[in-house]
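A.B. asks: coordinates for the following, if possible.
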Amino acid sequence: MAVSGRPFERLLARNDQPLPEKEARREQQRFDHEVGSWQRQSEADRAKVERERAEDRKFIRELPEAFVFRLLGVENVSGQPAWVIDAEPKAGYRPAHPRARMFTKVRAKVWIEQATYHWVKMDAEALDTLTFGFGLLRIAPGGTLHFEQVRVNSEIWLPSRVLIHADARLALIKKLRAEIDIRYSDYRKFQSDSQIIEAREN
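C.D. replies: Numbering: from 1, shown residues only. Reported below is the predicted structural model:
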């Protein structure tokens, strides 16, 4: 779910079994604290957070300069027509923002919904070593990422699957073979003033 515009994950069950009472209570307290922290923020604090988010997103503006885009056709995604666009790194591109350096190291295919211009699916491949977390995690060339979204209630796109295949090196020492498959389902409407409470049977 999103709390104050930020993603928030709350564990509800494990292996299709409800959490033990103590753990469920801890998860509820963590959620209440997150909501309470947002409600207690002043307008100045919220404006500061928005400025920080805008700064974090600045590198996205370099996308048109970083890639050569080519329209491949139109396909349906979750029942909606979407343009299929190929993105290849542009020769000679020099990133202005530090985070935009990754654009020179990936190629991608992106599906853009025609009605809202919202990107709803992506396949990406690492062409060169990708570095994250101050160099502690390195993804080798050839690593792939598949990301899908699904249209929920005919009104909003939400993640449905993330699939990652990659050879990685942790802290330049431990070599890992990562195969991660994350799936999202059972979306339900949730309001910011709602509260999740534990259901008990009498």
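A.B. asks: count the residues that sit near R46.
C.D. replies: Number of residues near R46 (other Cβ atoms under 10 Å) recorded here: 13. C-beta: built from backbone N, CA, C; applies to glycine.
A.B. asks: S185 now?
C.D. replies: 8.
A.B. asks: wait, isn't it in contact with L158?
C.D. replies: No. Counting by Cβ atoms under 8 Å, S185 stays clear of L158, with 10.0 Å between them.
A.B. asks: can you pull out the helices in this structure?
C.D. replies: 21-39, 43-56, 63-66 (DSSP state H).
A.B. asks: okay if I get those as TSV plus mean pLDDT?
C.D. replies: Shown next, in TSV, are those (pLDDT from 0 to 100):
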stretch	mean pLDDT
helix 21-39	88
helix 43-56	79
helix 63-66	92
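A.B. asks: rebuild those as JSON lines, extending it with distance to N76.
C.D. replies: Listed next are the helices of the chain as JSON lines, based on distance: least, Cβ to Cβ, whole Å:
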{"stretch": "helix 21-39", "distance to N76": "36"}
{"stretch": "helix 43-56", "distance to N76": "32"}
{"stretch": "helix 63-66", "distance to N76": "25"}
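A.B. asks: closest one to W111 among these?
C.D. replies: Nearest to W111, of all these, is helix 63-66, at 15.5 Å by Cβ to Cβ.
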